[in-house]
Structures are given as C-alpha cells and as structure tokens.
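**Q** return atomic coordinates for the entry below.
(2 chains)
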Amino acid sequence: MFRRVPYPIIWLGILGFGILYIPIVLMMIYSFNDSKLVSVWAGFSTKWYLSLLNNDQLLAAVGKSLWVAVWAATISTFFGVLIALAFTRFGNFGGRLALSVMASAPLVMPEVVTGLSMLLLFIAMETFFGWPAGRGLDTIIIAHATFGMCFAAVVVQARLRQFDLAVEDAARDLGARQPQIFLTITLPMIAPSVIAAWLLAFTLSFDDLVIASFVSGPGSSTLPIVVFSKVRLGVTPEINAIATIMIVMVSICVIGGSLLMSKRNKHD
Amino acid sequence: MASPTKTMAMSATISATISGVITRHGRKLVILIPLIWLAIFFLAPLVEMLQVSFTTARRGVPPYDPLWSLGEDGFSHNFNLENYLLLYDYLPDYLGPTLNSLRLAFFSTLICLFFAYPIAWWIARSDEKMRLILLVLVMLPFWTSSLLRMYALIGLLNPNGFINSALLAIGVIDQPLQMMQTDFSIYMGMLLTYLPLMILPLYASLVRLDDALIEAAADLGARGVEIFRTVVLPHSLPSVLAGCLLVFIPAVGEFVIPALLGGPEQMMLGKVLWTEFFRNRDWPVAAAIAMILLAILTLPIILARYQDGRIDREG
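**A** Residues are numbered from 1 along each chain as shown, chains lettered A, B, ... in the order given. So this is what the prediction gives:
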C-alpha cells in the first residue's frame, strides 16, 4: 500500500515544487522581454544582456564578489578540514566543547547579529591596533570565512565519519607519519567532500547580502549589495538578466555535480 | 649575496623545521588554529557587542562612547542600561516586531512542514533515477541566491506583477489584489527560502524507514492513515523537530524577507535592528536589539544542538 506514492502526496509535492520554481522561471523568461514593463510581453530580445555589458557598476560588483568568494571559500575550506579532522580523529581532546560550540553557533546565528558584531569587533580592533584600517573587501572575506568554515566543517566531517580507518592504520604500520598519511591517503579520498565544502562556502559568500552590508566599507559593494539597492527601487530587466545568468551557471554546476556523484556511487 | 646552493640548503632546513613542527605539534596545531580564529572572529565580536549595548550613543567615530577608559584621572567607566531601558520605554514599538518575528517564523515553519513532508516522502519512495531528479530539484534553489529568488517573487506578487496581470486579463478581478506587504507575501518568501532546509532532514529520515515495518503494520490490518500515524510519523518525528528548528531559528532573525516583501505590519526584529543601525545610526540600541534577538533564540538553539546530537547518535 505504501510502495507506490499516493496521488495526493504527488499533487502536493508538485504544488510545492511549483511554488519554488514558477517565480524563477517567469523571471528567466521575462529577462528576454523587449519591454521594460515587467508583465507585458513585447517580443523576444537580448538587449538587457547587452546593456549588462555596459553596466560598469554591476560588472565591478561581480568582480568584487568573485574575489571575496574565492578567498573566503579557500580559507573556509582549509579551516573546515582542520575542524573536521579534530572532531573525527582526536577523540576527547581538551577544548573539544569550546570548539564544537564555536564551530556550530555561527550556523544558526541570525545574519544581522553576525554582521553587527563583526563590524563592532573590526572597529574596536582598528582603535586598538590600527588594523583593519577602514573596512573593505578584506573585512568581508574574514567575516565570510568565519561562518563559511563552520559549513565546510559539517560537509567534510560527514565524509570523514564514513571513512575506513583501516586504510590509515595500514599506512601507519608501513611507517608513514601523520602529515604524510593525511596528504597522501586521507586528503585524496575525501577530496570530493572538500570540493563540495569549497563550493558551498563560495556560494554562501557570493550570495550574502546582510553580513557584507555591515562589514563593507565605501567602494566595496559586492553584487548582492548593488542588487539589493536596485531592487528597492523596483523590478528592472537588467537584474532579470544577471539573475538568469547566475541561476543558469549554478544549475549547470549542481546538475553536473549530481550526475558525477551518482556515477561515482554506481562504480563503488 | 647568498649562493644558490646556500639558498637551497637554507630552504631545505626551513622546510625540514616546518615539517618537524607539524609532525611533533600537528595535533595541537589542527585544534588551535581554528580555535583561535573562532575565538577572535566569533566569540570576541559577541563580547564586544555586549559591551557596546551598555554604552551611550554619540556623534562621532565610532558613534558610541567607550565603555572603559584609562585617562589622566585614572580608570573610569560609562556603563549604563540606557539602551535596554529605552527599549522598555518604547516597549510597544519593539514588542510588536518581536511578536511579529515569532508569529511569522512560527507559521512559516508550519507551512514549510506542510509542503516539505509530502515532497520528502515522494523522494524517499521513488526509484533511483526519479530520486536523483527530485533531489536535484530540491537542491537547485538552495544553491541559488535567496535575494534573487525574493526578487523573482516580487515580480510575481506585485500589483502589476504576473498574477495580477493574468487575473485582470481574464477578468476574474477588476482591481489588482494587494499581495505584497502582507503576511501572505512573507509566508511565500519564507517558503521559497526555507523549504529545502525542511525537506532534506525529513528525506534523510524517511529514506531510512524500513519497508518491513510498514508491511508488518499492513499485515496486522492497519490502513494507510493508521500506518502513517503509528509507524511513519513516530519514526520521522526527531527529524521533523530538527527541520522545524532549522527553519524557525533563521526565520526569526530574517532581514531580507521583511525588508523586500513586508510592509509596516510585518516589521520584524532583524529589520528593526537594520533600521536602527543604518538609518538612525544608533549602534548601542542596535546592539541591545541583537542581544535580545540572541536571548530569544537561545532556547531553540540549545534544543537544535541537542536534537542534532541525538540524530547523530541514532542515525
């Protein structure tokens, strides 16, 4: 009786997916609309994509966002792997509770609280040490890395938990030292989860509006900050276009990644 | 000038030293490096924010008086409860957003659960190929910017948006429906943002449900609804709670959704904090609001940690 999924469940499911996707799909279709009016279809046109190329403000913001996200994701992943190693390999070390609280609290902290508290710290540090002098992309990178590493740690930990420890033991018996074991055995085996952690941290950083708004300085407006200020003034076709480009790129990555993962699983 | 051989020897010594340090103190380094980073950039900011919430706002840079100072006349402090008293004096102005935050987050969580459960069940009961497709469909919005999804939603709900234009065109209504800046638009925004977060833990739990249990219940004469109530629901209850907390906690502190989709009636704490900070430039009051937001969320956060640990141990 429960083997097949009952029809009411499927209908509710389709309704749920519909709510998720209809706004996005309509936005993507209307990014090719010739008219500036949102709801009036005036023929197919790619003019909004072309005008994006001349929008220096948006292009500069994309560049800044990419720079911030690449650095934040890289730092996040490095720290995330360390945190994950500590939790899965070191047993009950001193400071475990402190690390576990501090590495999980940022996951659930409201963004406005994280953003405000970070900014206040940066200002206090500037008063005492003279660094960071003013706020810019570097302060955004630090803030993003701090919550990004907690997400990265969760992803890598999940993989390290299923890891067959016998492989590491074998390497140790053959005389390999700990760092060597990690670099030649463990890291290659957990590589997919490390890449996934990097991508997650990258996405979180690239999409963040709230924290970046608090810790950014003049001249360091990332893409979400620029988009937010434009959206407040109303829906514009150029935002439709840039949103469409971003969603298509993310979709290609997610679908490609999922296909790769499912193929790997079949081989295993 | 150092000769090439000397430089090489030196760099070899340095790298040997580094690898020696890593081998001997590797364990300590692995723990200490993230611990120190988080202490500086996560714990210290919270402490600093607590301090600032007890200071007095002023015109200047930074826009608050220092809490402690060591001047010519010795050690002095400016500790005061003014900001919290101010929140109390203008209680109606702040109580409203607090209650709104809790109410909108609570019903958003229920709405997410209502849509997430069937989807999670559907995915868990599908064959391998269908399951992959559905999981990708759930993950896709999760990886795309929520700001852009809210923006897309505005295009749908606006007075001159898609829904109103369509309804006007077919003559169902003769005036645009007011959908933006209502509770409805907030719930739609929350659903779009948080539905995947609810689906994933539910799916993880339902996919582990043993078919034999369901068959046994059916053999003993239980009907569909009864099987759901006695077997499926109890099995998934811990992850229902986990999913609800995963949605409720960030929803309470949400800023983007009330800012873009809500009106004055949907004022939430996150937006009040933002306004105090960016528009009124009253940093100490903003810090006090942040502390209150944290205080409200303490209980659910502790509950979530406990629940996570339980699922980890049992799963």
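
**Q** quick one, what contacts residue B:250?
**A** By C-beta atoms under 8 Å, 6 or more residues apart in numbering or on different chains, the residues touching residue B:250 are A:108, A:110, A:111, B:194. C-beta coordinates here come from the backbone N, C-alpha and C atoms, glycine included.

**Q** oh sorry, the question was meant for residue A:145
**A** Neighbours of residue A:145 in contact, by C-beta under 8 Å, 6+ apart: A:71, A:72, A:75, A:76, A:79, A:201.

**Q** my read: the fifth one touches residue A:152, true?
**A** I take that to be residue A:79. Yes: at 7.2 Å, residue A:79 counts as touching residue A:152 under the criterion of C-beta atoms under 8 Å.

**Q** what helix or strand is the residue nearest to residue A:137 when sequence neighbours are not counted located in?
**A** Counting by C-beta to C-beta, 6 or more residues apart in numbering or on different chains, the nearest residue to residue A:137 once its immediate chain neighbours are dropped is residue A:220, at 5.1 Å. If you go by DSSP states H and E, residue A:220 is not part of any helix or strand.

**Q** count of neighbours near residue A:220?
**A** Around residue A:220 there are 19 other residues, counting by other C-beta atoms under 10 Å in any protein chain shown.

**Q** give me phi/psi at residue B:68?
**A** phi -120, psi 150 (degrees, to the nearest 10).

**Q** OK, contacts around it?
**A** With C-beta under 8 Å, 6+ apart, residue B:68 has these contacts: B:75, B:76, B:77, B:78.

**Q** strands of chain A, start to end?
**A** Assigned strands in chain A: none (criterion: DSSP state E).

**Q** pLDDT below threshold where in it?
**A** A:1-3, A:38-39, A:235, A:265-268 (pLDDT under 70).

**Q** for it, which residue gets nearest to chain B?
**A** Nearest to chain B, among the residues of chain A, is residue A:110, at 2.4 Å (C-beta to the nearest C-beta).

**Q** wait, what's in contact with the residue nearest to residue A:137?
**A** A:64, A:135, A:136, A:137, A:140.

**Q** okay, those in a markdown table with neighbour count and distance to residue A:246 next?
**A** Formatted as a markdown table, the contacts of residue A:220 follow (neighbours: other C-beta atoms under 10 Å in any protein chain shown; distance: C-beta to C-beta, whole Å):
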| residue | neighbour count | distance to residue A:246 |
| --- | --- | --- |
| A:64 | 22 | 15 |
| A:135 | 20 | 25 |
| A:136 | 17 | 23 |
| A:137 | 20 | 20 |
| A:140 | 30 | 19 |
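
**Q** looking at these, which is nearest residue A:12?
**A** residue A:140 (40.5 Å; C-beta to C-beta).

**Q** distance check, the spatially most central residue of chain B against residue B:100.
**A** Centre of chain B computed as the mean C-alpha position; nearest residue by C-alpha atoms, centre = their mean is residue B:250, 2.7 Å away. Computed with C-beta to C-beta, to the nearest Å, the distance linking residue B:250 and residue B:100 is 16 Å.

**Q** residue A:19: how many residues sit nearby?
**A** The burial count for residue A:19: 17, using other C-beta under 10 Å.

**Q** just give the nearest non-adjacent residue to it, would you?
**A** Counting by C-beta to C-beta, 6+ apart, the residue nearest residue A:19 is residue B:191, at 6.0 Å.

**Q** surely the one you found is within a helix?
**A** Yes: assessed with DSSP: H, G, I helix; E, B strand; the rest coil, residue B:191 lies in a helix.

**Q** who are the contact partners of residue B:111?
**A** If you count contacts by C-beta under 8 Å, 6+ apart, then residue B:111 has B:187, B:190, B:191 around it.
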